[in-house]
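Visitor: show me the folded form of this:
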Amino acid sequence: MSYTNVYIHYVWSTRKRLPLLQMPYRSDLFDHMYQNALLKDIYLDRVNGFTDHVHCLVWLRPEQTMDSVAQLLKGESAYWFNNHAGFGSVKLQWQEGYFAASVCLSMIEKVRNYIDNQEQHHQKRTFVEEYEEWKKLYLITKDLDNSLAHYRLKTRR
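Guide: Below you'll find the model as predicted:
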(Lines give C-alpha, C1' and ligand atoms only; values in the text may rest on other atoms or scores of the structure.)
Protein backbone atom coordinates (compact mmCIF):
# COMPACT_ATOMS: atom_id res chain seq x y z
CA MET A 1 0.00 0.00 0.00
CA SER A 2 1.35 3.44 -0.93
CA TYR A 3 1.27 6.36 1.43
CA THR A 4 1.62 9.98 0.40
CA ASN A 5 1.36 13.23 2.25
CA VAL A 6 0.66 15.72 -0.52
CA TYR A 7 -1.49 18.75 0.14
CA ILE A 8 -2.57 21.00 -2.74
CA HIS A 9 -3.94 24.53 -2.41
CA TYR A 10 -6.33 25.18 -5.31
CA VAL A 11 -7.77 28.53 -6.33
CA TRP A 12 -10.17 29.30 -9.16
CA SER A 13 -12.53 32.12 -9.95
CA THR A 14 -15.91 32.64 -11.46
CA ARG A 15 -15.86 33.32 -15.19
CA LYS A 16 -15.19 37.01 -15.85
CA ARG A 17 -14.72 37.43 -12.10
CA LEU A 18 -18.45 37.93 -11.66
CA PRO A 19 -19.39 38.25 -7.95
CA LEU A 20 -21.89 35.37 -8.05
CA LEU A 21 -20.92 33.77 -4.76
CA GLN A 22 -22.99 35.97 -2.48
CA MET A 23 -24.28 34.76 0.87
CA PRO A 24 -26.15 32.51 1.54
CA TYR A 25 -25.37 30.88 -1.84
CA ARG A 26 -21.65 30.82 -1.07
CA SER A 27 -21.96 28.87 2.17
CA ASP A 28 -24.51 26.50 0.60
CA LEU A 29 -22.14 25.87 -2.31
CA PHE A 30 -19.15 25.25 -0.05
CA ASP A 31 -21.15 22.88 2.15
CA HIS A 32 -22.21 20.98 -0.95
CA MET A 33 -18.64 20.86 -2.29
CA TYR A 34 -17.48 19.35 0.98
CA GLN A 35 -20.24 16.71 1.02
CA ASN A 36 -19.69 15.87 -2.66
CA ALA A 37 -15.94 15.51 -2.09
CA LEU A 38 -16.65 12.91 0.61
CA LEU A 39 -18.78 10.94 -1.86
CA LYS A 40 -16.01 11.07 -4.47
CA ASP A 41 -13.32 10.01 -1.98
CA ILE A 42 -11.60 13.39 -2.14
CA TYR A 43 -10.20 14.59 1.16
CA LEU A 44 -11.23 18.26 1.08
CA ASP A 45 -9.54 19.64 4.17
CA ARG A 46 -10.81 23.20 3.62
CA VAL A 47 -13.07 25.07 1.20
CA ASN A 48 -13.86 28.77 1.38
CA GLY A 49 -13.63 31.86 -0.74
CA PHE A 50 -15.23 35.15 -1.50
CA THR A 51 -17.75 36.53 -4.00
CA ASP A 52 -15.69 35.70 -7.08
CA HIS A 53 -13.33 32.85 -6.21
CA VAL A 54 -12.79 29.63 -4.28
CA HIS A 55 -9.88 28.23 -2.26
CA CYS A 56 -9.60 24.52 -1.52
CA LEU A 57 -7.01 22.59 0.44
CA VAL A 58 -6.97 18.96 -0.67
CA TRP A 59 -4.94 16.00 0.50
CA LEU A 60 -4.23 13.94 -2.63
CA ARG A 61 -4.37 10.19 -2.46
CA PRO A 62 -1.76 8.30 -4.51
CA GLU A 63 -4.16 7.47 -7.37
CA GLN A 64 -5.49 11.03 -7.70
CA THR A 65 -4.08 13.74 -9.94
CA MET A 66 -4.26 17.47 -9.34
CA ASP A 67 -6.21 17.96 -12.54
CA SER A 68 -8.75 15.18 -11.96
CA VAL A 69 -9.56 16.50 -8.48
CA ALA A 70 -9.90 20.09 -9.74
CA GLN A 71 -12.21 19.01 -12.55
CA LEU A 72 -14.39 16.93 -10.23
CA LEU A 73 -14.72 19.75 -7.71
CA LYS A 74 -15.30 22.49 -10.27
CA GLY A 75 -17.58 20.62 -12.67
CA GLU A 76 -19.94 19.08 -10.19
CA SER A 77 -20.19 22.21 -8.03
CA ALA A 78 -21.21 24.41 -10.98
CA TYR A 79 -23.73 21.78 -12.11
CA TRP A 80 -25.21 21.56 -8.62
CA PHE A 81 -25.33 25.34 -8.18
CA ASN A 82 -27.06 25.86 -11.52
CA ASN A 83 -29.66 23.17 -10.88
CA HIS A 84 -30.34 23.86 -7.23
CA ALA A 85 -33.84 25.11 -6.55
CA GLY A 86 -33.86 28.53 -4.96
CA PHE A 87 -30.78 30.01 -6.63
CA GLY A 88 -33.00 31.49 -9.33
CA SER A 89 -31.59 32.76 -12.60
CA VAL A 90 -28.02 33.09 -11.33
CA LYS A 91 -25.85 30.78 -13.45
CA LEU A 92 -22.39 29.87 -12.21
CA GLN A 93 -19.52 29.27 -14.61
CA TRP A 94 -15.96 28.76 -13.43
CA GLN A 95 -12.90 30.09 -15.22
CA GLU A 96 -11.27 27.55 -17.52
CA GLY A 97 -8.10 27.04 -15.48
CA TYR A 98 -7.09 26.99 -11.86
CA PHE A 99 -4.10 27.74 -9.67
CA ALA A 100 -2.61 24.86 -7.68
CA ALA A 101 0.43 24.77 -5.42
CA SER A 102 1.77 22.13 -3.09
CA VAL A 103 1.77 23.00 0.59
CA CYS A 104 4.63 22.08 2.89
CA LEU A 105 3.45 20.24 6.02
CA SER A 106 4.94 22.98 8.19
CA MET A 107 2.64 25.51 6.46
CA ILE A 108 -0.65 23.58 6.67
CA GLU A 109 -2.02 25.54 9.62
CA LYS A 110 -1.11 28.85 8.02
CA VAL A 111 -2.89 27.89 4.78
CA ARG A 112 -5.92 26.61 6.69
CA ASN A 113 -6.14 29.90 8.57
CA TYR A 114 -5.78 31.87 5.33
CA ILE A 115 -8.56 29.87 3.66
CA ASP A 116 -10.83 30.06 6.72
CA ASN A 117 -10.55 33.87 6.83
CA GLN A 118 -11.20 34.79 3.20
CA GLU A 119 -13.98 37.27 3.89
CA GLN A 120 -11.84 39.30 6.30
CA HIS A 121 -8.80 39.01 4.04
CA HIS A 122 -10.63 40.45 1.05
CA GLN A 123 -11.84 43.45 2.98
CA LYS A 124 -8.22 44.64 2.71
CA ARG A 125 -7.28 43.58 -0.82
CA THR A 126 -8.95 42.33 -3.97
CA PHE A 127 -8.33 38.96 -5.51
CA VAL A 128 -6.80 40.67 -8.54
CA GLU A 129 -4.23 42.45 -6.32
CA GLU A 130 -3.47 39.17 -4.62
CA TYR A 131 -3.19 37.32 -7.91
CA GLU A 132 -0.63 39.84 -9.20
CA GLU A 133 1.52 39.05 -6.14
CA TRP A 134 1.12 35.30 -6.75
CA LYS A 135 2.27 35.74 -10.32
CA LYS A 136 5.53 37.24 -9.06
CA LEU A 137 5.95 34.77 -6.22
CA TYR A 138 5.25 31.67 -8.31
CA LEU A 139 6.72 33.02 -11.58
CA ILE A 140 3.40 32.71 -13.41
CA THR A 141 3.82 34.10 -16.91
CA LYS A 142 0.22 34.14 -18.12
CA ASP A 143 -3.22 34.68 -16.68
CA LEU A 144 -5.31 31.67 -15.69
CA ASP A 145 -7.73 32.74 -18.40
CA ASN A 146 -8.89 35.99 -19.93
CA SER A 147 -11.00 36.88 -16.88
CA LEU A 148 -8.28 38.92 -15.22
CA ALA A 149 -7.28 40.63 -18.44
CA HIS A 150 -10.94 41.50 -19.01
CA TYR A 151 -11.21 42.80 -15.44
CA ARG A 152 -8.10 44.99 -15.79
CA LEU A 153 -9.32 46.49 -19.06
CA LYS A 154 -12.73 47.16 -17.57
CA THR A 155 -11.32 48.92 -14.48
CA ARG A 156 -8.92 51.13 -16.47
CA ARG A 157 -11.65 52.73 -18.58
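Visitor: what number of residues lie near Ser106?
Guide: When counting by other CB atoms under 10 Å, one arrives at 7 neighbours for Ser106. Heads up, the C-betas are built off the backbone N, CA and C, glycines and all.
Visitor: centre of the chain to the helix or strand in which Glu109 is found, how far?
Guide: Assigned by DSSP states H and E, Glu109 belongs to helix 108-116. Helix 108-116 has its C-alpha centroid displaced from the chain centroid by 14 Å (CA atoms, centre = their mean, to the nearest Å).
Visitor: show me what it is packed against.
Guide: Helix 108-116 is packed against strand 6-13, strand 43-50, strand 53-60, with contacts defined by 3 or more CB pairs under 8 Å, 6 or more residues apart in numbering; DSSP states H and E.
Visitor: tell me which residues in it are buried?
Guide: If you call a residue buried by 16 or more other CB atoms under 10 Å, then helix 108-116 has these buried ones: 108, 111-112, 114-115.
Visitor: surely Lys40 meets Leu72?
Guide: Yes: here Lys40 reaches Leu72: they are 5.6 Å apart, a contact under CB atoms under 8 Å.
Visitor: looking at those two, which one has more neighbours?
Guide: Counted by other CB under 10 Å, Lys40 and Leu72 do not tie: Leu72 has more neighbours, with 16 against 13.
Visitor: spatially central residue for this structure, please.
Guide: With distances taken as CA atoms, centre = their mean, the residue of the chain nearest its centroid is Val54 (2.8 Å).
Visitor: show me what contacts that one?
Guide: 10-13, 21, 30, 33, 47-48 (CB atoms under 8 Å, 6 or more residues apart in numbering).
Visitor: give me phi/psi at Pro62?
Guide: Dihedral pair for Pro62: phi -60, psi -40, per degrees, to the nearest 10.
Visitor: the closest residue to it other than its chain neighbours in helix, strand or coil?
Guide: Once flanking residues are discounted, Pro62 sits nearest to Ser2: 4.2 Å by CB to CB, 6 or more residues apart in numbering. Classification of Ser2 using DSSP: H, G, I helix; E, B strand; the rest coil returns coil.
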